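Colleague: Okay, here's the prediction I keep looking at, along with the sequence it came from:
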Amino acid sequence: DTEVTQTPKHLVMGMTNKKSLKCEQHMGHRAMYWYKQKAKKPPELMFVYSYEKLSINESVPSRFSPECPNSSLLNLHLHALQPEDSALYLCASSQDPASGGHRDYYEQYFGPGTRLTVT
Amino acid sequence: GESVGLHLPTLSVQEGDNSIINCAYSNSASDYFIWYKQESGKGPQFIIDIRSNMDKRQGQRVTVLLNKTVKHLSLQIAATQPGDSAVYFCAENHLSGSARQLTFGSGTQLTVLP
């Protein structure tokens, strides 16, 4: 199973709402990632979790709050978002957070994303 | 057909022709370079990668070329097919602290004409 799943596929929320995005993988990967992708733009890294600990936070506003409850799950909690936060949110995972050496270790597998619209 | 990546984000080629997609990168510390394909409504999908100590790598119908002198990467797709229509991103993979990080280039939309 080389699949990363994300729920929901689509989410519409108001600026005062609180919602969460969910990501799951069962490949035994120890690194998980959140990316934000605006239309016609490349994915931009938001957060990296390494062995369930937050390793990289790319200066993301506090209205985005990541959580890694266990090695298979990654959540992104959303609160008081702005319309400019509307984007495709992608989750990815890789076998080893830091290893190079072989593609098996560093290749990131991406989920299909959650299309978020903030009204 | 050929694109210049950052400056020409769309590339249209006839089915059966070869495609060349170009990319410039910036981080000299990157030790892997990867090409991803992203179809509409899907996440990026790994196509091929190359280590920084190589200058060419071939896969099935795809070839990646790396020129570290000018920090340039290209993806060649042979005998382009309609299923190749997608956005193609190059990405640099480098170690940042205790975790590896991917930085994506701007992407090129490839359209295969019948």
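Modeller: The structure has been received and is ready for your questions.
Colleague: what does chain B have sitting close to chain A?
Modeller: Those residues of chain B that sit near chain A, judged by C-beta under 8 Å from any C-beta of the partner chain, are B:9, B:31-32, B:34, B:41-46, B:49, B:89, B:93, B:95-107. All C-beta spots, glycine's among them, are computed from the backbone N, C-alpha and C.
Colleague: Please produce a PyMOL select command covering the buried subset of those.
Modeller: Selecting the buried subset of the residues of chain B next to chain A in PyMOL, with 16 or more other C-beta atoms under 10 Å in any protein chain shown as the burial test, is done by:
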select buried, chain B and resi 31+32+34+43+44+49+89+93+95+96+99+100+101+102+103+104+105+106+107
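Colleague: The residues of chain B next to chain A in strands, which ones?
Modeller: B:32, B:34, B:45-46, B:49, B:89, B:93, B:95-96, B:99-104 (DSSP state E).
Colleague: you'd agree B:Ser74 is up against B:Asn22?
Modeller: Yes: in terms of C-beta atoms under 8 Å, B:Ser74 counts as a neighbour of B:Asn22; the distance is 4.9 Å.
Colleague: Give me the pLDDT value at the residue of chain A positioned farthest from its centre.
Modeller: Checked against the mean C-alpha position of chain A, the extreme residue using C-alpha atoms, centre = their mean is A:Gly101, at a distance of 24.6 Å. Looking at A:Gly101, its pLDDT stands at 73.
Colleague: same thing with the one 10 residues further on?
Modeller: A:Gly111 is assigned a predicted lDDT (pLDDT) of 97.
Colleague: Can you tell me how far it is from A:Gly14?
Modeller: Counting by C-beta to C-beta, to the nearest Å, the gap between A:Gly111 and A:Gly14 amounts to 25 Å.
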